[in-house]
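Peer 1: everything below, folded, please.
(2 chains)
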Amino acid sequence: MRSYSVSPVFPSIYFSYIYNTRVRLQDGRLMGRLADLLASNSESGKVLAAVIKTKEGRLATLDWSGFAIDEHEHKYSLVCRERKDFTADDSVISFRRQILDQQIVDINDKKLVRVNDIRLVFLSSGLFPVAVDVGWSGILRRLGVVEITNDFLQIFNRSVPSRLIAWNNIGFLSQDSRNIKLSVSYSKLHTLHPSDLSDIIEELDRKTGSAVFASLDDEKAADVLEEMEDGAKVSLVEDLPVEKAADVLEKMPTDEVADILDDLEKERAEELLKEMDQATSCEVRELMEYPEDTVGSLMTTDFVAFTADTAVDAVFEQLRKTKPESDTIYSIYVTDQTGRLQGSVSLPTLAVSAPQTTLAELMDAEPKFVYDTDKLNVLLKLLSKYSMLVVPVVSSADILIGTIVIDDVIYRLFRKQGVQL
Amino acid sequence: MAVLGPGIITGSVDNDAGGITTYSVAGARYGFNLLWTLIPSFVVLFVVQEMNARMGVVTGKGLADLIRENFGVRITFCIFLGLLFADIGNTTTEFAGIAGAMQVFGVSKYVSVPAAAFLVWILVVKSTYKLAEKIFLVFSVSLLSYVLSALLAKPDWGQIGYSLIRPKLEFNYQYIEMVIGIIGTTIAPWMQFYMQSAVIEKGLKIENYGYTLLDVIVGCIATVTVAFFIIVACASTLHPHGIQIEEAKDAAMALEPLAGRFSSQLFAFGLLIASIFSAIILPLATAFYVCEAFGFEAGIDKSPKEAPEFYRLYSAIIIIAVLTVLIPGAPLISITLWTQVINGILLPVVLVCMIRLVNNKDIMGPYTSKGFSNAVGWITVVVLVGLSFILFIMGLV
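Peer 2: Below is the predicted model:
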């Protein structure tokens, strides 16, 4: 019979071996059964406390340092050598409620998995979780048949496939009902790329997905929102508190915001528009007014424009200061003082020109453009005939009011055909 | 489809081959004497579906997920083993329905069943089943032919009323088997999982709860009404002549008052539609929930490489069902009835889990069950377990 409390031998143990197992006091009397383990939220995840369901049916949370694990022929039980109360604060992780049988994010493979078991290891400094088991071996172990199955498979020279994910590659999702520190729990998820995050949020149930989304900072949230499918976008924006939703929407291209608000209920859309800053909300309102098959409904109001006498180096300086999104600066537009479109210069042209050259010398003085009220087929003809990537949009007074990027056109075309992207 | 709520859709799916067969046999064997079972069935169906709808709306999680997350691997394994077993049986029933229906048109089951299996499999794998779902829902209106037929047979309404209020209860094996079967086919466990998922997919929120409730009631009324008229139609046409239903053809006679010579064809058509519809949904739903519960990738939007367990399970269910039906001389009606009894036996197990989930404050927040819902739930569990136990003992004796 071996006993481990602090042992330098590094044996490992699975949570399922000790979950619900008997807990005895030093003198052999039965204390209860192990209901849960609480671990720290730090990188190491050190086990801090044990939750015991006493014989009388009550739950007692006790410091782990007072416990030892006894092993006898692969059967485990706990001994409570010293009973020290432990007050759990918001930052502890409950194995039973947040990990075992719950969904978590595999940060490396960027997908959702369900935890079947937890692998722990004894170090001189304590008991630590090292990995979660999300594969067949975990399921079979919980059913108590993993050894038999392995013995059987040995006949064919195989073994039960094991799928373990390292503890620090896990993003927790389930909220312990007491735990209110969202951002701490979801911090691992914030390292994921917006595309991956959006895939994961789409797969989650609405509540958890919204909670994860709400924990992101505004920039990241805007990036993730852009990647999501339309239906999911609307649900997320509906579930956020108004101030946060407005902050996130302000960071997105105005045409995207217009599309989202179009799909919301009128009152909710109004609330959000009022909460957003004046300039953005005005632009969005204007965009929302365009009928669906016109250029105006597709355009974004983000663009970069200068007067013709601006020199190349001044242009770059301005760009460095304002740092616009990459797809808005592919073409720089030249306007007069009233904002009327005069010409366009592509970014590659700018990059290879001498710094003192003015835009007037470089620009295409007869730029191809469309009116905001033009129907989409006018735009399509232009795009295909002149192989353009971005097209400027002008008002009836020839004032430059927005641009259309070819990506948006393709997306809208596919949606019309009913193709799911 | 936007108009149709999950309750109504589930209500339509409820009248599958198993349902039609069970209600037909009930009417043929016992006349009006089993009509009374529809009253408690309606109440229980409503309470159970309301639980599912509420759980789906409040948690946004499927029933399989909730069971796994709150009851652990062992219980989940037992339940889903039972569910898988029952659903293979249910799928067999659907294909038996297809076989029976096509037999009326003179097509041998050795042709119709593999063809149907292939059709079902193709529809799913090519992901066009959503369109098929819509088409079949429209055609399921053909079940209304039972209503018309029952009315045209001019049944004795007085006698119907009397049997509802003062049913002639028998205490023998066959009778109890029938009672469990009727409950099992009206409140099939797999439908609870399906219903909850449908609610989640619809994206309903707790604010629309009133609409959800209405939708559930309408669905239940639809199910029980069709059941009622199937029993009455069979009771009026088959029972007086003592015709036992050995094959689907026999059940077609119930539509004679309405369709005369064409009763067989009309019946066969209705049965065929209902069976194919359910044969599409049932194995798909089962494979999906089993995979969900154990953390395997699932869904037809994933390729077989991404979700191997899902596709293997789905194919296995269909293959076993088809092979069973194709066994020469297989007693299709008996298999069908027995599958519904298994549903009835499995129901209390799933129900207990559901009741515990729906009363858990951590999961449901302020939306835990009220007294009525719990009372009905527990009474149902006790009654069904009791009946199953009695059946078991009687079977041994």
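Peer 1: C-alpha from now on. contacts and neighbour counts both.
Peer 2: Noted.
Peer 1: residue contacts, the closest residue to A:D85 other than its chain neighbours?
Peer 2: Of all residues not flanking A:D85 in the chain, A:L62 sits nearest, at 4.5 Å (Cα to Cα, 6 or more residues apart in numbering or on different chains). By Cα atoms under 8 Å, 6 or more residues apart in numbering or on different chains, the residues touching A:L62 are A:49-52, A:83-86.
Peer 1: may I ask which of those has the most neighbours?
Peer 2: A:A49 (26 neighbours; other Cα atoms under 10 Å in any protein chain shown).
Peer 1: can you tell me the helix or strand for the residue most central in space within chain A?
Peer 2: Nearest to the mean C-alpha position of chain A, counting by Cα atoms, centre = their mean, stands A:L197 at 3.2 Å. A:L197 is part of helix A:194-203 when elements are defined by DSSP states H and E.
Peer 1: which element follows that helix toward the C-terminus?
Peer 2: In N-to-C order, the element after helix A:194-203 by DSSP H and E is helix A:206-214.
Peer 1: residues contacting the helix or strand following that following helix, please?
Peer 2: Tracing the chain past helix A:206-214, the next element assigned as helix or strand by DSSP H and E is helix A:218-227. By Cα under 8 Å, 6+ apart, the surrounding residues in contact with helix A:218-227 are A:194-195, A:197-198, A:213-214, A:233, A:244, A:247-249, A:251-252, A:256.
Peer 1: and stretch B:157-173, end to end?
Peer 2: One end of stretch B:157-173 sits 28 Å from the other (Cα to Cα, to the nearest Å).
Peer 1: mean confidence score for that stretch?
Peer 2: Average pLDDT, stretch B:157-173: 83.
Peer 1: ok and the residue in the stretch 151-300 of chain B nearest chain A?
Peer 2: B:G295 (5.0 Å; Cα to the nearest Cα).
Peer 1: that residue: neighbouring residues, count only.
Peer 2: For B:G295, using other Cα under 10 Å, the count is 23.
Peer 1: just give the nearest non-adjacent residue to it, would you?
Peer 2: A:R114 (5.0 Å).
Peer 1: on that earlier part again, list the contacts of the helix holding A:L197.
Peer 2: A:105, A:110-112, A:189, A:209-210, A:212-213, A:220, A:223-225, A:227-228, A:232.
Peer 1: same thing but 6 Å
Peer 2: A:209, A:223-224, A:227-228 (Cα atoms under 6 Å, 6 or more residues apart in numbering or on different chains).
Peer 1: mean confidence score for that helix?
Peer 2: 89.
Peer 1: now do B:S149: how many residues are near it, please.
Peer 2: Neighbours around B:S149, by other Cα under 10 Å: 25.
Peer 1: from B:S236, how far off is it?
Peer 2: 10 Å.
Peer 1: ok, back up a step: and the contacts of A:L62, which is closest to A:D364?
Peer 2: A:A49 (71.3 Å; Cα to Cα).
Peer 1: C-terminal to the host helix or strand of A:P129, what's the next element?
Peer 2: Using DSSP H and E, A:P129 sits in strand A:126-133. Next along the chain after strand A:126-133, taking DSSP H and E as the criterion, comes helix A:136-142.
Peer 1: in that following helix, what's buried?
Peer 2: A:136-142 (16 or more other Cα atoms under 10 Å in any protein chain shown).
Peer 1: what of stretch A:22-35?
Peer 2: Buried positions in stretch A:22-35, judged by neighbour count with 16+ other Cα under 10 Å: A:22-25, A:31-35.
Peer 1: any chance of these in TSV, with pLDDT, distance to A:L389 and secondary structure too?
Peer 2: Shown next, in TSV, are these (pLDDT from 0 to 100; distance: Cα to Cα, whole Å; DSSP: H, G, I helix; E, B strand; the rest coil):
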residue	pLDDT	distance to A:L389	secondary structure
A:R22	90	69	strand
A:V23	91	69	strand
A:R24	91	73	strand
A:L25	90	75	strand
A:M31	90	73	strand
A:G32	91	70	strand
A:R33	93	67	strand
A:L34	93	63	strand
A:A35	93	61	strand
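Peer 1: could you dump those residues into JSON lines with distance to chain B added?
Peer 2: Listed next are these as JSON lines, based on distance: Cα to the nearest Cα, whole Å:
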{"residue": "A:R22", "distance to chain B": "18"}
{"residue": "A:V23", "distance to chain B": "21"}
{"residue": "A:R24", "distance to chain B": "24"}
{"residue": "A:L25", "distance to chain B": "27"}
{"residue": "A:M31", "distance to chain B": "23"}
{"residue": "A:G32", "distance to chain B": "20"}
{"residue": "A:R33", "distance to chain B": "16"}
{"residue": "A:L34", "distance to chain B": "15"}
{"residue": "A:A35", "distance to chain B": "13"}
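Peer 1: now do stretch B:110-121: everything it contacts.
Peer 2: B:99, B:280.
Peer 1: ok, which residues in chain A are in contact with chain B?
Peer 2: A:101-102, A:114, A:143, A:205-206 (Cα under 6 Å from any Cα of the partner chain).
Peer 1: just the pLDDT for the residue lying closest to B:L347 once chain neighbours are set aside.
Peer 2: Nearest residue to B:L347, sequence neighbours excluded (Cα to Cα, 6+ apart): B:P189, at 5.6 Å. On pLDDT, B:P189 comes in at 90.
Peer 1: for the stretch 1-150 of chain A, which segments count as helices?
Peer 2: Under the criterion DSSP state H, counting those that start in this stretch, helices of the stretch 1-150 of chain A are mapped to A:15-18, A:136-142, A:146-154.
Peer 1: please name every helix or strand in contact with the helix or strand following the longest one.
Peer 2: Just to be clear, that refers to helix A:146-154. With elements assigned by DSSP H and E, the helix or strand that comes after helix A:146-154 is strand A:164-166. Here strand A:164-166 touches strand A:126-133, going by 3 or more Cα pairs under 6 Å, 6 or more residues apart in numbering or on different chains; DSSP states H and E.
Peer 1: may I have the strand it packs on as PDB, with CA atoms only?
Peer 2: Output of strand A:126-133 as PDB, limited to C-alpha atoms (Å, rounded to 0.1, in the frame of the first residue of the first chain):
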ATOM      1  CA  GLY A 126       1.900  19.600  -4.600                       C
ATOM      2  CA  LEU A 127      -0.700  18.000  -6.900                       C
ATOM      3  CA  PHE A 128      -1.000  19.500 -10.300                       C
ATOM      4  CA  PRO A 129      -3.300  18.900 -13.300                       C
ATOM      5  CA  VAL A 130      -1.100  18.300 -16.400                       C
ATOM      6  CA  ALA A 131      -3.600  17.300 -19.100                       C
ATOM      7  CA  VAL A 132      -7.200  16.500 -20.000                       C
ATOM      8  CA  ASP A 133      -8.300  13.400 -21.700                       C
END
